[in-house]
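[1] Everything below, folded, please.
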Amino acid sequence: MPVRYTHEHFETLVDEALDSLPEEFQEWLDNVAIVVGWQPTAEQLAQAGLEHGGGLLFGLYVGVPKTHRGFTYGEVVPDKIIIFQQSIEQVCRGPEQVRECVRKTVLHEIGHHFGMDEDQLRSAGV
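    You can find the predicted model right below:
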């Protein structure tokens, strides 16, 4: 049976994933907000290339990766990482599986923030 958390408890799992990062990575997370969303919108699914119902979306990075920021980058709204609670809860079957999926999703989306593409993230195991 799927696990169901309150929004606040799920946010705690995201915070735990962030706290588990080495300090130097945490320091490099600048101008990015990490938030919990319930489920992706049709627009977000399209942005991720899933507009035709081609799978679940656990997380989404929206912004300018650090590797693409030039000297003119500044005074912009923060990038955003959205972790989708319903998608994760839909596939996980226990608290530890949810915790691990949240952690892996947070790491995956942070990888996009640092400029990694899907192939690089798969090679890195996230």
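[2] The protein: helices as residue ranges?
    7-19, 23-28, 42-47, 85-91, 95-113, 118-124 (DSSP state H).
[3] and the ones you listed as JSON lines, adding distance to V35?
    All C-beta atoms are positioned from the backbone trio N, CA, C, and that covers glycine. Shown next, in JSON lines, are the helices of the chain (distance: least, Cβ to Cβ, whole Å):
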{"stretch": "helix 7-19", "distance to V35": "8"}
{"stretch": "helix 23-28", "distance to V35": "17"}
{"stretch": "helix 42-47", "distance to V35": "12"}
{"stretch": "helix 85-91", "distance to V35": "11"}
{"stretch": "helix 95-113", "distance to V35": "11"}
{"stretch": "helix 118-124", "distance to V35": "20"}
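[4] Comparing those helices by mean pLDDT, which bottoms out?
    Per-stretch mean pLDDT for the helices of the chain is lowest at helix 23-28 (a mean of 86).
[5] And it, how far out from the chain middle?
    The chain centre lies 16 Å from the centre of helix 23-28; the measure is Cα atoms, centre = their mean, to the nearest Å.
[6] what's in contact with it?
    Residues outside helix 23-28 that contact it (Cβ atoms under 8 Å, 6 or more residues apart in numbering) are 18, 66, 110, 114.
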